[in-house]
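Enquirer: Next come a sequence and a model predicted from it.
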There are 2 protein chains.
Amino acid sequence: MSDTNPQARRVFEQNERCPIRNVVAQIGDKWSILILFALVDGPDRFNALKSRIQGISQRMLTQTLRDLERDGYVKRTVYPQVPVKVEYELTELGRGLAKPAWQLVSWADDHFDEIASARASYDEANQAE
Amino acid sequence: MSDTNPQARRVFEQNERCPIRNVVAQIGDKWSILILFALVDGPDRFNALKSRIQGISQRMLTQTLRDLERDGYVKRTVYPQVPVKVEYELTELGRGLAKPAWQLVSWADDHFDEIASARASYDEANQAE
DNA sequence: AGATCTTAGTATACATAAGTAACTAATTGG
DNA sequence: CCAATTAGTTACTTATGTATACTAAGATCT
């Protein structure tokens, strides 16, 4: 990320293909990464995902799956049975994304206590909320 | 992320210390990662950050810096001059976070074209917006 | 002395995105 | 006909972000 690294500037500055604004902001929401990891073990159905990802509403599951499908991370397959069966699975791109995402989550898990205690002391110092 | 990996389950399931909900969701907003990378080269002042991070408003810069400070990624130092000088810099924790975050952004940059074309063909298939 | 400049913010009003709870369509089984 | 199941919508509420104007605390110019 120094000035000798031109890629850093390209990634950092505002432009049409800024990967932070286009990709990270997209998957940085409340549910995308959770759904991504829920699908790493293999394809799964709508309601199965819904019960595995605790706390997600039907609407957010639908919407986030659509966004992931739109960006090419997830493939949606409809089986015209009755009741209809819809299966979601990661694409090659989705499995690729899961790797660096896992590094980040893993780091977050390792440093959870540090972050939590930083938060606690910040809140104590500024109790005037 | 298979069933043989108990850490995966711990990270994935809903609980008080789910790192996805507590850390990734926090820094996954529109500006956190941009500010983080803007500070990787060294400390910087409020207005300097504001002009380097194109498109950010004063309010969002203030607010996001406070959130990053709260979680322990950023240190804020006030120099009581006139006009007052305020410097922001990454902590050791912030520099640690920058590494996996950079991996992710780097992956996003490498696969930008793939994602963009997935988006384009999805939008073409569902033009009814 | 009074007006004006600087930095680092707040305050306010408003727009857009994200989230919740309740409802719907299509069909099978009893 | 009634209930159950799957995969969603619709209408509404709350959170997040934007645009613009304003403030504090001196320093410097007139």
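Expert: Arrived safely. Numbers count the residues shown, from 1 in each chain, chains lettered A, B, ... in the order given.
Enquirer: Surely A:I115 forms part of a strand?
Expert: No: read with DSSP: H, G, I helix; E, B strand; the rest coil, A:I115 is helix and lies in no strand.
Enquirer: Tell me how far it lies from chain B.
Expert: As for A:I115, its distance to chain B is 5 Å (criterion: C-beta to the nearest C-beta, to the nearest Å). Heads up, the C-betas are built off the backbone N, CA and C, glycines and all.
Enquirer: How many neighbouring residues does the closest residue to that residue other than its chain neighbours have?
Expert: Nearest residue to A:I115, sequence neighbours excluded (C-beta to C-beta, 6 or more residues apart in numbering or on different chains): B:D71, at 5.2 Å. Counted by other C-beta atoms under 10 Å in any protein chain shown, the residues lying close to B:D71 total 24.
Enquirer: I'd say B:D71 and A:R119 touch.
Expert: Yes: using C-beta atoms under 8 Å, B:D71 is in contact with A:R119, at 5.9 Å.
Enquirer: how about the longest helix along chain A, does it reach chain B?
Expert: Using DSSP state H to define each element, chain A has its longest helix at helix A:92-110. Yes: contact of helix A:92-110 with chain B (C-beta under 8 Å from any C-beta of the partner chain) involves A:93, A:96-109.
Enquirer: What parts of chain A come near DNA strand C?
Expert: Chain A comes close to DNA strand C at residues A:29-31, A:55-60, A:82-83, as judged by C-beta under 7 Å from any atom of the strand.
Enquirer: From these, list just the buried residues.
Expert: A:29, A:31, A:56, A:60 (16 or more other C-beta atoms under 10 Å in any protein chain shown).
Enquirer: give the contact list for the first one.
Expert: Under the criterion of C-beta atoms under 8 Å, 6 or more residues apart in numbering or on different chains, the neighbours of A:D29 are A:64, B:25, B:28.
Enquirer: can the residues you listed go into a markdown table with extra columns for pLDDT?
Expert: Listed next are those as a markdown table, based on pLDDT from 0 to 100:
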| residue | pLDDT |
| --- | --- |
| A:T64 | 95 |
| B:A25 | 84 |
| B:G28 | 89 |
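Enquirer: Reformat those into a markdown table and put secondary structure, distance to A:I115 and neighbour count next to each item.
Expert: Converted to a markdown table, these look like this (DSSP: H, G, I helix; E, B strand; the rest coil; distance: C-beta to C-beta, whole Å; neighbours: other C-beta atoms under 10 Å in any protein chain shown):
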| residue | secondary structure | distance to A:I115 | neighbour count |
| --- | --- | --- | --- |
| A:T64 | helix | 25 | 23 |
| B:A25 | helix | 12 | 18 |
| B:G28 | coil | 14 | 20 |
